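**Student:** Predicted model and sequence follow; I will ask about them next.
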Amino acid sequence: MTSRGQKAKAVKSVATSAKKKSRLSFFGDAVEELKKARWPTRQETVRLSIIVLIVCVVIGVILGALDYGFSKFFVDFILAG
């Protein structure tokens, strides 16, 4: 039973030490993590941005065509009939 009590105290001490961090230390930690990140080069950023724009245009055309088709169907067959 003493081992359970010791484990519980250890867990509590770890939890309380983690809670003792300053609330503002979050920003310092965030900056440190951003320094570790691998940032894309300008060329990669441009290439990926162009891919995103192309995908957006293609999806927009597909959705526009579907919208037009369903609208035409609804007007011609449902409302006219």
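**Tutor:** Yes, it's here.

**Student:** hey, let's count contacts and neighbours off CA atoms from now on
**Tutor:** Will do.

**Student:** worst-scoring helix or strand of the chain, pLDDT-wise?
**Tutor:** Each helix and strand of the chain was given a mean pLDDT (mean pLDDT, DSSP states H and E); the minimum falls on helix 2-19 at a mean of 57.

**Student:** Just after that one, pick out the following helix or strand.
**Tutor:** Tracing the chain past helix 2-19, the next element assigned as helix or strand by DSSP states H and E is helix 25-36.

**Student:** Quick one: distance of that next one to the chain centre.
**Tutor:** The chain centre lies 18 Å from the centre of helix 25-36; the measure is Cα atoms, centre = their mean, to the nearest Å.

**Student:** which helices and strands sit right next to the helix or strand just after that helix?
**Tutor:** The helix or strand immediately downstream of helix 25-36 is helix 42-73, counting by DSSP H and E. Contact partners of helix 42-73 among helices and strands, from 3 or more Cα pairs under 8 Å, 6 or more residues apart in numbering; DSSP states H and E: none.

**Student:** which regions of the protein lie under the pLDDT threshold?
**Tutor:** Under the criterion of pLDDT under 70, the regions of the chain flagged as low confidence span 1-19, 81.

**Student:** Can I get stretch 39-50 in PDB, CA atoms only?
**Tutor:** Coordinates of each C-alpha in stretch 39-50 appear next as PDB, following Å, rounded to 0.1, in the frame of the first residue of the first chain:
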ATOM      1  CA  TRP A  39       9.800  26.400 -43.300                       C
ATOM      2  CA  PRO A  40       9.200  26.000 -47.100                       C
ATOM      3  CA  THR A  41      11.400  27.900 -49.600                       C
ATOM      4  CA  ARG A  42       9.900  30.700 -51.700                       C
ATOM      5  CA  GLN A  43       9.800  28.300 -54.700                       C
ATOM      6  CA  GLU A  44       7.900  25.700 -52.700                       C
ATOM      7  CA  THR A  45       5.500  28.300 -51.400                       C
ATOM      8  CA  VAL A  46       4.800  29.600 -54.900                       C
ATOM      9  CA  ARG A  47       4.400  26.100 -56.400                       C
ATOM     10  CA  LEU A  48       2.000  24.900 -53.700                       C
ATOM     11  CA  SER A  49       0.000  28.200 -53.800                       C
ATOM     12  CA  ILE A  50      -0.500  27.700 -57.600                       C
END
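
**Student:** All set, thanks.
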